[in-house]
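Student: Quick one, fold the following:
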Amino acid sequence: MSNTSTTNTASRLAELQLFDTLKSRIISLATALYGTRSPHASSSFDLLSYTTDDNVTHGVALILYTGPSTSPATSYEFLSYVDGQSSTIAGAERLLEDMEEGMGGVIGRLIENQECTVTHSAIPDIVAGGDGEEEEEGEDAVGGVEEQRWEMTLQGIEEEDEGV
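Tutor: Residues are numbered from 1 along each chain as shown. Now for the predicted structure:
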């Protein structure tokens, strides 16, 4: 094997490892921001990489598997994406930055309200026994006080007032 081939393989392996690290951090934030009933958040959320038709620009998409407990990956909900990036790593880094900014907004709101609890209004039900369609009813609450619903948009996480 040539030195160029070895270098390319090592470079690709390092890129895959970095993507997996970014994916883990994004899934951790998705779990806190969206909630899940699954004991393993990595089986609820996924980060997919893709290229455009021209194979020049890259992107990543955060999805939530919503299928029934017997086959959760048979359907999914598209939560967010970043595209038009020079690489999948750049896309994952951008999405992570957006999600960290959103989490900062949530934490800032908790600190401002002197509260320590977030309750999600819709928690995906994909654990054994769930049908993948049910969601816990009620308003999102911060510290038990109805505040707002957190919603992922294409540019980050925004607060959506619900008549509060």
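Student: quick one: low-confidence parts of the chain?
Tutor: Counting by pLDDT under 70, the ranges of the chain that qualify are 1-2, 39, 41-42, 121-164.
Student: what element comes up after the longest helix along it heading to the C-terminus?
Tutor: With secondary structure taken from DSSP state H, the chain has its longest helix at helix 3-34. Remark: after helix 3-34, the chain's next helix or strand is strand 45-51, criterion DSSP states H and E.
Student: quick one: that next one to helix 3-34, angle?
Tutor: An angle of 140 degrees separates the directions of strand 45-51 and helix 3-34 when computed by axes from the mean of the first three to the mean of the last three CA atoms, to 10 degrees.
Student: Measure how far strand 45-51 is from the centre of its chain, please.
Tutor: 10 Å (CA atoms, centre = their mean, to the nearest Å).
Student: Same check on stretch 32-43?
Tutor: Computed by CA atoms, centre = their mean, the chain-centroid distance of stretch 32-43 equals 10 Å.
Student: Quick one: end-to-end length of it, please.
Tutor: Distance between the boundary residues of stretch 32-43 (CA to CA, to the nearest Å) amounts to 15 Å.
Student: If we go by neighbour counts, what in it is buried?
Tutor: Of the residues in stretch 32-43, those buried under the neighbour-count criterion (16 or more other CB atoms under 10 Å) are 32, 33, 34, 35, 36, 37, 38, 41. In this view, the C-beta of every residue, glycine as well, is placed from N, C-alpha and C.
Student: Nearest to residue 90 among the residues you listed?
Tutor: Residue 90 lies nearest to residue 33 out of the buried residues of stretch 32-43, by CB to CB, at 21.7 Å.
Student: Settle this for me: that closest one is touching residue 103, isn't it.
Tutor: Yes - the criterion here is CB atoms under 8 Å, and residue 33 meets it with residue 103 at 6.4 Å.
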